[in-house]
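**Student:** let me see the structure of the following:
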Amino acid sequence: MNKNVRNGIFILSSALILSGCAPMQGPNATGGNQNISKTQTGALLGAALGALIGASTKGHHKLQRAAIGAAAGAALGGAIGYNMDKQAQQVAKALDTDVSTSPDAELDRSKDIIITKTDNYVKITFRDSMMFPTNSAELTPTARMKINKLIPILKEYPQTIIQVVGHTDSRGSWEYNKELSKKRAETVGNILYNSGLPNQIFVKGCSFDKPLVPNTTPENMALNRRVEIYLYPNAESIVDPCK
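**Tutor:** Numbering: from 1, shown residues only. Have a look, this model is predicted:
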């Protein structure tokens, strides 16, 4: 494996706490639109960070600098959110599917590719049935073609952090599935890296630690076998995909 395709995830900074302070969704949200876009959320977080930086400086004009910092931060955060929205739509078009914000989107058994977005990332889920033969980390021709379709889009967003994650069902030992899930993630990660992408690329295998549904039937096991590609706007957005 290329050493540039690194395992693991970033350690999250304290800015992640701030990102949790902009829920703006659910029954307690104010206003008419409870499902705000990533652009709006990015602007809110950017404003908070900008105000914090501005207010932390010394001098008699601290409040003025905080206001200026908030405005600049909102503009920057809004741009980040817009780019993630745009990137999600481009990926969906290239893979001939759509973008979902539903937490249950991955349970749709009729789709081999599911693209979801949250306030922190875009996630592309590939069903195992289209990706790899049984007990193999060798991509099928169809899967390789799909992965290659992502490359021109990702090249437009060199700051996007890419994390490739493998998941298995519960048949076999945890150790065997850990290695298999990692190798599958590495296979996808190496295709992206070898294409010349300037992005930071990380891979991780989760074994069967994070099933979508209980591993009680062959149909459920098929849902749990998958490879996910997370697209993050920055290190503060990164999650542990195995938890």
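
**Student:** any stretches of this protein with poor pLDDT?
**Tutor:** By pLDDT under 70, the weakly predicted segments of the chain are 1-82.

**Student:** which residues of this structure fall in strands?
**Tutor:** Secondary structure of the chain by DSSP state E: the strands cover 6-7, 99-100, 113-117, 122-127, 161-167, 201-205, 226-232.

**Student:** what's the closest of the ones you listed to residue 85?
**Tutor:** strand 113-117 (7.4 Å; Cβ to Cβ). Where you see a C-beta, it was placed from the backbone N, CA and C, and this is true even at glycine.

**Student:** partners of the closest one, with directions?
**Tutor:** According to DSSP bridges, strand 113-117 has the following sheet partners: strand 99-100 (parallel), strand 122-127 (antiparallel).

**Student:** now the last one and strand 226-232, what's the angle there?
**Tutor:** Pointing back at strand 122-127 there. On the basis of axes from the mean of the first three to the mean of the last three Cα atoms, to 10 degrees, strand 122-127 is oriented at 170 degrees to strand 226-232.

**Student:** quick one on the thing from earlier: out of the strands paired with strand 113-117, which one sits most buried?
**Tutor:** Each of these was scored by mean neighbour count; the highest is strand 122-127, a mean of 22, by mean count of other Cβ atoms under 10 Å.

**Student:** got a list of contacts for that strand?
**Tutor:** For strand 122-127, contacts defined as Cβ atoms under 8 Å, 6 or more residues apart in numbering pick out 84, 87-88, 91, 95, 99, 106, 111-117, 143, 146, 150, 222-223, 225-231.

**Student:** give me that answer again for 7 Å
**Tutor:** Identification of contacts with strand 122-127 by Cβ atoms under 7 Å, 6 or more residues apart in numbering yields 84, 87-88, 91, 106, 112-116, 143, 226-231.

**Student:** let me know the angle separating that strand from strand 161-167.
**Tutor:** Orientation of strand 122-127 against strand 161-167 (the same axes, to 10 degrees) gives an angle of 30 degrees.
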